[in-house]
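Enquirer: I'll drop the sequence and a predicted model, then ask my questions.
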Amino acid sequence: MVVNCEHVWTEISNYVDGDLDPALRAAMEQHFKGCKHCTAVLDGTRNVVQLYGDDRLFELPAGFSQRLRRRIVQEASSSGFRSARSLWMLAVAATALVAGGLALGNSAAFREPDLRSALAKPPHGVPANLMVAVCDEGKVFHVPRCKYLHKHDDENPRMMTAAEALREGYAPCVRCLREYLSAGIECPRPASEQPLVAVKPPLRNDRNGF
Amino acid sequence: MGSLPRKTDIRVEAADPAELREQDLLGRVQAGEKKLFYELVKPYERRVYSAAFAILRNEADAEDAAQEALLKALTHIGQFRGDARFSTWLTQITVNEALMRRRRNHSEVMEPIGERQEEDGSYTPRDFADWREIPSEALERKEIRQRLAEAMAMLTQKYREVFVLRDIQHLSIEETAEALGISRASVKTRLLRARLMLRDMLAPGFGGAWFVRLPFEKGSKPW
């Protein structure tokens, strides 16, 4: 392989970097032996690489290191502070969450309602938006036309949803709403008496005998 | 006429105390001892600054960019997984920071006309001055360093960036291409031109003009 000067110039950078295939490298070395100009270009290119690769070439501005160090220390401190502050905030948030959870757990909205009757059983499956009627002196809630609603004649029944009634501690009437009583409660009623509200199909197998 | 040994060709084994110290510092900084970060980057502060300076060509801007780049490196130190050398990672962050600042300042419109030259044509050296020897004390002289810096500043941006990353930062062709978002072929072409242009600018001076001893340097005053 024979190379001319122009070819050498296009590959001289790769030659300096040792990034050439052996045949081309050998051809260039042969060329350098007889070409003073290309040898001068090669020497100069190698010197450029060597000079600029020297760490002494670039001087840092006066005080550069001190300013850099100061900024890094400042940043490291503030990030440490931010980190500590974040941890502290996290701890406060967790505490608040726990306290809030306890408060909610103790609130009427979330705790199991205290039933007005010590003998009442917790209700089961009452539709929350079912409109029911209660009396202030009573212990159970009823469907509006339940005949057991008006035993307190001196009071006007209040209408509310079943959810609200439950929160106030009322239990379902064992006659008009017995389908919503907890399992195990026995509330026999006369065979002639028909339920006053459309009830959901029994959810428990043990209610098949009712 | 063998090739020059490059710093990137010299593989430092794990037993190298400097590398062991860097690994130790890196691990501690990543574990949260962030105040040690300066010790970790101290060997590279000159390199980081020169990378920023090559792109921004202004001392104050370069210092700002270098500091900002290193602070970003500190913030994201946990993301460094050792896939590349730590110095390369720092250089890439610095180059990105400097390029972003340059775009923000719209300084590319101030580039010389040569910036828009095609790069697929061949480059013909203009000067064949003999420059065989580098005086050993050359870089000790401030005016020589100044001449070298001025010559590099005369390169157009795209050549200067590649030259700095490759020949000053000692990144590989692939790393340079990745840092600048250009192809390997473009890196090679730009590097060739940058080196030859610098040789053209510097050879006459190094060939003799800068090293002719004037009469009054011999100890005899001219007056």
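Expert: Noted; the coordinates are in hand.
Enquirer: longest helix of chain B?
Expert: Looking across chain B with DSSP state H, the single longest helix is helix B:184-206.
Enquirer: quick one: list the elements packing against that helix.
Expert: The criterion is 3 or more CB pairs under 8 Å, 6 or more residues apart in numbering or on different chains; DSSP states H and E, and the helices and strands that helix B:184-206 contacts are helix A:5-17, helix A:36-52, helix B:142-153, helix B:157-163, helix B:173-180. C-beta here means a position set from N, CA and C on the backbone, and glycine is covered the same way.
Enquirer: the inter-axis angle of that helix versus helix A:36-52?
Expert: Here helix B:184-206 runs at 100 degrees with respect to helix A:36-52, directions being taken by axes from the mean of the first three to the mean of the last three CA atoms, to 10 degrees.
Enquirer: buried stuff in helix B:184-206?
Expert: Of the residues in helix B:184-206, those buried by neighbour count under the rule 16 or more other CB atoms under 10 Å in any protein chain shown are B:186-203, B:205-206.
Enquirer: rank the helices and strands packed on helix B:184-206 by pLDDT, which is bottom?
Expert: For these, the stretch scoring lowest in mean pLDDT is helix B:142-153; its value is a mean of 83.
Enquirer: what about chain B, any weak spots by pLDDT?
Expert: Residues of chain B meeting the criterion pLDDT under 70: B:1-15, B:106-122, B:127-128, B:132-137, B:207-223.
Enquirer: what about the strands in it?
Expert: For chain B, strands defined by DSSP state E do not occur.
Enquirer: what residues are up against residue B:198?
Expert: When contacts are counted by CB atoms under 8 Å, 6 or more residues apart in numbering or on different chains, residue B:198 touches A:48, A:52, B:151, B:152, B:155, B:163.
Enquirer: near the fifth one, how many other residues are there?
Expert: Put plainly, it is residue B:155. Applying the criterion other CB atoms under 10 Å in any protein chain shown, we find 23 residues in the vicinity of residue B:155.
Enquirer: what's the end-to-end length of stretch B:37-46?
Expert: By CA to CA, to the nearest Å, the extent of stretch B:37-46 from end to end equals 15 Å.
Enquirer: right, I mislabeled it, should have said stretch B:167-186
Expert: First-to-last residue span, stretch B:167-186, CA to CA: 15 Å.
Enquirer: check stretch A:52-62 too.
Expert: Stretch A:52-62 has its terminal residues 21 Å apart, counting by CA to CA.
Enquirer: one more: stretch B:22-41?
Expert: Note: stretch B:22-41 ends 9 Å apart using CA to CA.
Enquirer: you'd agree residue A:169 is up against residue A:115?
Expert: Yes - taking contacts as CB atoms under 8 Å, residue A:169 lies within contact range of residue A:115: 5.3 Å.
Enquirer: identify the contacts common to the two.
Expert: Both residue A:169 and residue A:115 are contacted by residue A:139, under the criterion CB under 8 Å, 6+ apart.
Enquirer: so which of the contacts of residue B:198 is the most crowded?
Expert: If you count neighbours using other CB under 10 Å, the busiest of the contacts of residue B:198 is residue A:48, which has 29 neighbours.
Enquirer: low-scoring stretches of chain A, by residue?
Expert: Counting by pLDDT under 70, chain A has low-confidence residues at A:79-90, A:99-114, A:119, A:121-122, A:150-155, A:182-210.
Enquirer: please redo it, this time with the cut-off set to 90
Expert: By pLDDT under 90, the low-scoring segments of chain A are A:1-3, A:6, A:36-37, A:40, A:43-44, A:47-48, A:50-62, A:71-210.
Enquirer: what are the ranges of the helices in it?
Expert: Under the criterion DSSP H, chain A carries helices at the ranges A:5-17, A:22-34, A:36-52, A:64-106, A:162-167.
Enquirer: can you put these in CSV and add distance to chain B?
Expert: Putting the helices of chain A into CSV (distance: least, CB to the nearest CB, whole Å) gives the following:
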stretch, distance to chain B
helix A:5-17, 4
helix A:22-34, 6
helix A:36-52, 4
helix A:64-106, 4
helix A:162-167, 50
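Enquirer: contacting residues around stretch B:64-83?
Expert: So stretch B:64-83 is in contact with A:64, A:67-68, A:71-72, A:75-76, A:79, B:26, B:29-30, B:34, B:37, B:41, B:45, B:48-49, B:51-52, B:55-56, B:86, B:89-90, B:93-94, B:96-98, B:101, going by CB under 8 Å, 6+ apart.
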